[in-house]
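Chemist: build me a model from this:
(one chain, ligands or ions: 1)
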Amino acid sequence: MHRTEISVWTPATLANINVGFDGLGCALSGPGERLVMRRTDAVGCVNIRLIEGADLPLETSLNVAGVAAQSLLKALGNPCGLELDIFKEIKPGSGIGSSAASAAGAVFALNALLNAGLSPQALLTHALDGEALASGSRHADNVAPALMGGLVLCPPRGLPVSIPFPVDWHVVVLHPDVAIRTEDARKVLPENVSFKDAVDQARWLGVFTAGCYQGDGALAALALEDLLAGPHRAGLIPHFESIRNIAMRHGAIAGGISGSGPSTFWVTLTTDDSAQVAHELKAFMRNEGMACDIHQTRISARGSRIIE
Ligand code: HSE
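Modeler: Numbers count the residues shown, from 1 in each chain. Have a look, this model is predicted:
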């Protein structure tokens, strides 16, 4: 059957996860973003009809979903035109893969709409065309898990690799109501890091990966030391040290900055602990007079999907 319209949902993602800067990310069970795509007769044209939930450009060349869809449409030989409606539940600049969800959702939807049969890995390059517009660089640590689901390693060359994820992790994401552009958060990073930090970070990533393969979420969490990016970015995030202290005091076993921030993520091993951490962080933010969103979520095996 020839579809004329499709709705897809794409999850938020956690990139870096402390130990894998630009090279590690996972899909979350929520929040996510819905995108509706329709075929049109305007061959080769991508038109964004509406965006709900965020103030983002409708102009195709300035919109992450528009650029990603245009890139894939062209690669498929421009067989039709497209119209997009975007419903953003993930706030732009939140650090949980808002632009990646748009980019991944757009290419996933187009692949399904045209029955093109491309694998998530093959879609990735087109999603990255969109993601690069938002972040100024082609890192796949949000886009790959948004498309593929689960926990994904992104090597400097070649295709992303899925690895088992800690199924016992509960994740609290605290998103303070400030926006940090990935491009800006990348500007605070040093050009060079010390040999010792590079070596130690590789050692921690190794232990994290071993913990994942052993199904030992506590070991994976123990390894979450961020030596390369976190120390330079913590100052961008309001109250980072207090947030960390509160989360760790109330049941979190590890955590850090989500992607390029300002969201932070906090890992617990039970629902009760995650509820407690969420409760305490909410109270703290209220006392500080800072608006925030809090998500109690999990790592999810599923990436972009068709919804009815
Ligand atoms: N790895 C990227 C960064 C993720 O931290 O800059 C941003 O979405």
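Chemist: contacting residues for G255?
Modeler: 172, 224, 244, 247-248, 264-267 (Cβ atoms under 8 Å, 6 or more residues apart in numbering). The C-beta positions use only the backbone N, C-alpha and C, and glycine is treated the same way.
Chemist: should've said P238
Modeler: 176, 178, 262, 288, 290.
Chemist: can you check A132 too?
Modeler: Counting by Cβ under 8 Å, 6+ apart, A132 touches R138.
Chemist: okay, and it sits in which element?
Modeler: A132 belongs to helix 120-135 when assigned by DSSP states H and E.
Chemist: can you tell me what sits against the helix or strand following that helix?
Modeler: Following helix 120-135 in sequence order, the next helix or strand is helix 143-148 (DSSP H and E). When contacts are defined by Cβ under 8 Å, 6+ apart, helix 143-148 is touched by residues 10-11, 13, 25-27, 97, 100-101, 103-105, 107-108, 120-121, 123-124, 127-128, 131, 151-152, 154, 160, 162, 303-304.
Chemist: just the residues you listed: which are in helices?
Modeler: Of the positions in the contacts of helix 143-148, 100-101, 103-105, 107-108, 120-121, 123-124, 127-128, 131 sit in helices, assigned by DSSP state H.
Chemist: filter the residues you listed down to the buried ones and hand me the PyMOL line.
Modeler: If you want just the buried ones from the ones in helices among the contacts of helix 143-148 in PyMOL, going by 16 or more other Cβ atoms under 10 Å, the selection is:
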select buried, resi 100+101+103+104+105+107+108+120+123+124+127+128+131
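Chemist: out of the ones in helices among the contacts of helix 143-148, which comes closest to the ligand?
Modeler: A100 (7.0 Å; Cβ to the nearest ligand atom).
Chemist: quick check: the residue nearest to the closest one when sequence neighbours are not counted vs S274, distance?
Modeler: Nearest residue to A100, sequence neighbours excluded (Cβ to Cβ, 6 or more residues apart in numbering): N142, at 3.3 Å. N142 sits at a distance of 22 Å from S274 (criterion: Cβ to Cβ, to the nearest Å).
Chemist: before we move on, what about A42?
Modeler: A42 sits 47 Å away from S274, going by Cβ to Cβ.
Chemist: the more surrounded of those two?
Modeler: S274 (23 against 12; other Cβ atoms under 10 Å).
Chemist: what is the nearest residue to the more buried one once chain neighbours are set aside paired to in the beta sheet?
Modeler: Sequence neighbours aside, H170 is the residue nearest to S274 in space, at 3.9 Å (criterion: Cβ to Cβ, 6+ apart). Note on H170: beta-bridge partners T268, judged by DSSP bridges.
Chemist: from here on, count from 4
Modeler: Got it, the first residue is 4 from now on, which makes the last one we talked about H173.
Chemist: let me know the pLDDT of R184.
Modeler: If you check R184, the pLDDT there is 88.
Chemist: which non-adjacent residue is nearest it?
Modeler: In space, and not counting its chain neighbours, R184 is closest to G96: 5.9 Å by Cβ to Cβ, 6+ apart.
Chemist: the one you found and I183 touch, don't they?
Modeler: Yes - G96 lies in contact with I183 (Cβ atoms under 8 Å); the separation is 5.8 Å.
Chemist: identify the contacts common to those two.
Modeler: Jointly contacting G96 and I183 under the rule Cβ under 8 Å, 6+ apart are P265.
Chemist: number of nearby residues for the closest residue to G47 other than its chain neighbours?
Modeler: Among residues not flanking G47 along the chain, N81 sits closest, at 3.8 Å (Cβ to Cβ, 6+ apart). N81 is flanked by 12 other residues according to other Cβ under 10 Å.
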